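# I need the structure of the sequence given here:
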Amino acid sequence: MLDITLQNFETDLITASMQQPVLLDIWAPWCGPCKTLGPVLEKLETSYNGRFVLAKLNADEQPEIAGQLSQMFGVRSIPFCVLFKAGQPVDGFVGALPDGEVRKFLDKHVASEEQLAAEEEVEEAKALLEDGDVDRALEKMQEAVAINPADDSARYDYLRALLMAGRIEEARRAYEPVATKVVQDLRITACGHWLAACEAAPLAPPVAELEAAIATDKRNFDARFALAQHHFAAQRFTQAMDELLEILMRDKAWRDGLARKTFVAVLEVMREPQRLIAKEPSVVKGTLELAGNRVTVASDPVVDSYRRRLSMVVF
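This is a model prediction of the structure:
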């Protein structure tokens, strides 16, 4: 449990919440319900075994922070709890809620033990990939998916690694359980298009034959799309997008938008996750800057360039 002040606000609350959720308990010594809620929160911090951090803020001693959070959430009473994730206040509750109600609140935002175990497996797998140990990395990622099959992020990492390694049959098996999901993660959808290209490319005419067909008829979209799939399957991503753009410039709606959907899929699998960095909080005229305190590292300029080209063609 931490006591939050203006001095440690950035390090112990904002930056810390980028690693794991931080629940901020805003209280005051004169508040009876605060004395009831406090022990409940401390007990839950222990029982959740490090899945969130409890921080406390004395509203009388830190009115700048308490005041802005109260204004942000439209709250005028305490105890008032605010959950911080990824450097931002994301949710809160008011009053001395019982143990069960606080658990319901936490479970909306705090990773389960299974999710944490899966995340650890994925992080270890990524380190192994960087070291070139593909087989062990894929084993770790497969374990992460088995631990938490509903974790689309872990499944995407596994699918992407399988496709990068050219393990198409394994990728098909990993993709099948989520292939028919009504609402699907965009990254999973992108892997579905990538997998389709990998499966179609060996059955398509060879690259030279397709290029000859296109040279004869620039509107031979079937040949262009087959060539784009060859490039996509071989991880020649920009060449794949160049062929897809040629289709889109001539027919935006070709085959129910298949060229556009495949182009977006290529962009997605090229995109690396953006890291979040906390900026220093500031006090201006007595008001602490709580919102907008995250910045992202610049994304891939190649991805940005092709995204702009797509926008120019489609819109």
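
# list the contacts for residue 30?
Going by CB atoms under 8 Å, 6 or more residues apart in numbering, residue 30 touches residue 60. Glycine gets a C-beta too; all of them are placed from N, C-alpha and C.

# ditto for residue 114
With contact taken as CB under 8 Å, 6+ apart, residue 114 is in contact with 147, 148.

# for the helix or strand hosting residue 188, the distance to its chain's centre please.
Taking DSSP states H and E as the definition, residue 188 sits inside helix 186-200. Centroid separation for helix 186-200 versus its chain: 19 Å, with CA atoms, centre = their mean, to the nearest Å.

# which residues in the stretch 151-300 of the chain form strands?
Secondary structure of the stretch 151-300 of the chain (DSSP state E, counting those that start in this stretch): strands at 276-278, 283-284, 287-288, 294-296.

# Packing partners of the helix holding residue 188?
Contacting helix 186-200 under the criterion 3 or more CB pairs under 8 Å, 6 or more residues apart in numbering; DSSP states H and E are the following elements: helix 152-164, helix 168-175, helix 221-233, helix 254-270.

# I'd like these written out as a markdown table, with mean neighbour count added.
Conversion of the helices and strands packed on helix 186-200 to a markdown table gives the following (neighbours: other CB atoms under 10 Å):
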| stretch | mean neighbour count |
| --- | --- |
| helix 152-164 | 22 |
| helix 168-175 | 17 |
| helix 221-233 | 23 |
| helix 254-270 | 19 |
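
# Switch those over to JSON lines; also include distance to residue 40 and mean pLDDT.
Written out in JSON lines, the entries for the helices and strands packed on helix 186-200 read as follows (distance: least, CB to CB, whole Å; pLDDT from 0 to 100):
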{"stretch": "helix 152-164", "distance to residue 40": "31", "mean pLDDT": "92"}
{"stretch": "helix 168-175", "distance to residue 40": "42", "mean pLDDT": "96"}
{"stretch": "helix 221-233", "distance to residue 40": "53", "mean pLDDT": "97"}
{"stretch": "helix 254-270", "distance to residue 40": "43", "mean pLDDT": "95"}
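
# Look at residue 50 and say how many residues are nearby.
Around residue 50 sit 9 other residues, with neighbours defined as other CB atoms under 10 Å.

# Not counting residues beside it along the chain, what's closest to it?
Nearest-residue entry for residue 50: residue 20, 7.5 Å, with adjacent residues in sequence omitted and distances by CB to CB, 6 or more residues apart in numbering.
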